[in-house]
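S.K.: just coords:
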């Protein structure tokens, strides 16, 4: 019989699971705007988790991280993506390589891989429950599935950004006590990725007149 | 002055009678609430009882070429649905004499047997819509099965047994309700109940369009007393699933801890109250979502399976 976790640990565990469920929801979201909205809410859950952890564990650095993440991941990045979508004038996501139910099954397998690769590490964190670390690994795996199976640049970009959400969740478990500079490096990475993906999306749209990537699978002489 | 006490066998019989008697009431209240939410006056709360009484008085018509299975199906199904209240905590916190006859899997098997009997009767009628309903109901029940199995896994891992009484006791005694894996399986089970009771988003249970029907279509060819039994049976099945969801997973409070009459009366009243509340939630869901296309039902069931799977994974990796 497993030990019943404390209320804080349960709450944190459920928040981590919400991040993972948002990732699964992105997998089945039919429109690009809803995908961006899901990314926004996923980031918001990460921000709230950081803020609550900061308050409960007395880690002031996490407040800074939460504030910066809120600004960047909940406001700026989604706004930028919505702006790009408006310019492109298209909203339906590219038809995925698999049907939704099969995609969910593949993602379940991927997340199970994430869970079981991290589980045996026997990781114990003083700040968050260890399951949050496994959930973070699963988030990263499902985000990879999203990037691989979706055939439009926006989904792929959102998938990449949500990898960062998974990583920042993991970093909260592993390195919540580390100096703020580590967290800032992660966020800076995201910033670079946003610029790069923004450029790629615009260039792709300008060259092909579409956001979908299936036109790229032909060789050209 | 000591209070009168009911013998365990009596309490057990009372569990079945409570479910049998209040199932149409719960259906009636739910459809009344649903109508009110849609701005209609809706049927009387007691309408299902009148319907049943009317159907029992009507003659029974049997399609040409059908065999005994056509008439036996609703009876066997009804009997199966009535066996399950013996196994689950309907009124008491403690297991009754026959309560350990089967575990959750046993209960699930008896429910599935009832569904099988109904499907057989529908196939035997030779009518296309009834057969269509039977084949769809069986397909979706099979797709919902993995979710139920994973839910049972979690129950087994948390309590070390797969008895519904044990999980209910665990939920009552600790902060189990906030445990992430428990939340996940409870939601997964909720989704399965939604699908199994033929409600939106899986099936529009009050519709009359045969092509969209799943479970409803099975009894299209039945009439008279067998139809009454089929309708009553599906109401009983609905109440049984509601009871499992409430008294095992979500809110196992208000149950009697002994055979004292006062406790049993409180348990009956609280059961009807809780189930009505759940019915209200279901009516709300009914009015907030649209019916899924038939081919999207697999996506819905994949979602339920996802939650159950994550529940198992989280439990395994030590997240409780």
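M.R.: Done, it's in. If you're wondering where the values come from, they're calculated on a predicted model, not measured in any experiment.
S.K.: which residues of the chain score low on pLDDT?
M.R.: I'll assume chain A. The model of chain A has pLDDT under 70 over residues A:1-5, A:91, A:93-96, A:176-179, A:214-215, A:219-221.
S.K.: look at chain B instead
M.R.: Chain B contains residues with pLDDT under 70 at B:1-2, B:206-207, B:318-320.
S.K.: how close does residue A:31 sit to residue A:159?
M.R.: From residue A:31 over to residue A:159 the distance is 15 Å, taken as C-beta to C-beta, to the nearest Å. C-beta here means a position set from N, CA and C on the backbone, and glycine is covered the same way.
S.K.: out of these two, which sits in the more crowded spot?
M.R.: Taking other C-beta atoms under 10 Å in any protein chain shown, residue A:31 and residue A:159 do not tie; residue A:159 has more neighbours (23 against 13).
S.K.: At the contact with chain B, which residues of chain A appear?
M.R.: For chain A, the contact set with chain B under C-beta under 8 Å from any C-beta of the partner chain comprises A:1-7, A:9-11, A:13-14, A:16-17, A:20-21, A:24, A:28, A:100-101, A:104-105, A:108, A:111-112, A:115-116, A:118-119, A:129-132, A:134-135, A:138.
S.K.: Okay, and which of those map to helices?
M.R.: Counting by DSSP state H, the residues of chain A next to chain B place A:7, A:9-11, A:13-14, A:16-17, A:20-21, A:24, A:28, A:100-101, A:104-105, A:108, A:111-112, A:115-116, A:118, A:130-132, A:134-135, A:138 in helices.
S.K.: Which of the residues you listed are buried? Put it as a ChimeraX command.
M.R.: Selection of buried members from those for ChimeraX, criterion 16 or more other C-beta atoms under 10 Å in any protein chain shown:
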select /A:9,10,11,13,14,16,17,20,21,24,28,100,101,104,105,108,111,112,115,118,130,131,132,134,135,138
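S.K.: What residues does chain B have near chain A?
M.R.: Contact residues, chain B versus chain A (C-beta under 8 Å from any C-beta): B:157-160, B:174-176, B:178-180, B:183-184, B:298-299, B:301-303, B:305-306, B:309-310, B:313-320.
S.K.: List only buried entries from those residues.
M.R.: Buried by 16+ other C-beta under 10 Å: B:157-159, B:176, B:178-180, B:183-184, B:298-299, B:301-303, B:305-306, B:309-310, B:313-320, out of the residues of chain B next to chain A.
S.K.: Next step: these restricted to helices.
M.R.: Among those, the residues falling in helices (DSSP H) are B:157-159, B:180, B:183-184, B:298-299, B:301-303, B:305-306, B:309-310, B:313-316.
S.K.: all helices for chain A, in order.
M.R.: Taking DSSP H as the criterion, chain A carries its helices at A:7-28, A:32-57, A:60-69, A:77-88, A:100-118, A:130-149, A:153-175, A:180-208.
S.K.: ok, residue A:9 touching residue A:126?
M.R.: No. Using C-beta atoms under 8 Å, residue A:9 is not in contact with residue A:126; the gap is 11.6 Å.
S.K.: what number of residues lie near residue B:295?
M.R.: With other C-beta under 10 Å as criterion, residue B:295 counts 9.
S.K.: Without its sequence neighbours, what residue ends up closest to residue B:304?
M.R.: What sits nearest to residue B:304 in space, not counting adjacent residues and going by C-beta to C-beta, 6 or more residues apart in numbering or on different chains, is residue B:191, at 3.9 Å.
S.K.: and that neighbour, what helix or strand is that in?
M.R.: In this assignment (DSSP states H and E), residue B:191 forms part of helix B:180-196.
S.K.: what's that helix packed up against?
M.R.: If you count contacts as 3 or more C-beta pairs under 8 Å, 6 or more residues apart in numbering or on different chains; DSSP states H and E, helix B:180-196 packs onto helix A:7-28, helix B:128-159, helix B:224-244, helix B:297-316.
S.K.: could I get the ones you listed as CSV with distance to residue A:175?
M.R.: Below are those laid out as CSV (distance: least, C-beta to C-beta, whole Å):
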stretch, distance to residue A:175
helix A:7-28, 16
helix B:128-159, 31
helix B:224-244, 43
helix B:297-316, 22
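S.K.: what angle do the helix or strand hosting residue B:265 and helix B:180-196 make?
M.R.: Element membership for residue B:265 (DSSP H and E) is helix B:261-288. Angle, helix B:261-288 to helix B:180-196, by axes from the mean of the first three to the mean of the last three C-alpha atoms, to 10 degrees: 70 degrees.
S.K.: Tally up the residues packed near the closest residue to residue A:35 other than its chain neighbours, please.
M.R.: Leaving aside its chain neighbours, residue A:35 sits nearest to residue A:29 (4.6 Å; criterion: C-beta to C-beta, 6+ apart). By other C-beta under 10 Å, 22 other residues sit near residue A:29.
S.K.: One more: residue A:22?
M.R.: Neighbour tally, residue A:22, other C-beta under 10 Å: 25.
S.K.: Can you tell me the closest non-neighbouring residue to it?
M.R.: Spatially, and ignoring its direct neighbours in sequence, residue A:22 is nearest to residue A:42 (3.8 Å; C-beta to C-beta, 6+ apart).
S.K.: who's in contact with the one you found?
M.R.: A:18, A:19, A:22, A:23, A:26, A:162, A:165 (C-beta atoms under 8 Å, 6 or more residues apart in numbering or on different chains).
S.K.: measure it to residue B:154 for me?
M.R.: For residue A:42 relative to residue B:154 (C-beta to C-beta), the value is 25 Å.
S.K.: Check residue B:32 too.
M.R.: 35 Å.
S.K.: buried ones in stretch A:113-122?
M.R.: Neighbour-count burial for stretch A:113-122 flags A:114, A:115, A:118, A:119 (criterion: 16+ other C-beta under 10 Å).
S.K.: end-to-end on it?
M.R.: Terminal residues of stretch A:113-122 are spaced 16 Å apart (C-alpha to C-alpha, to the nearest Å).
S.K.: Pull the contacting residues for the spatially most central residue of chain A.
M.R.: Residue closest to the mean C-alpha point of chain A, counted by C-alpha atoms, centre = their mean, is residue A:162 at 1.7 Å. By C-beta under 8 Å, 6+ apart, the residues touching residue A:162 are A:22, A:23, A:26, A:39, A:42, A:139, A:143, A:146.
S.K.: Likewise for residue A:184?
M.R.: A:65, A:68.
S.K.: Many thanks, I have nothing further to ask.
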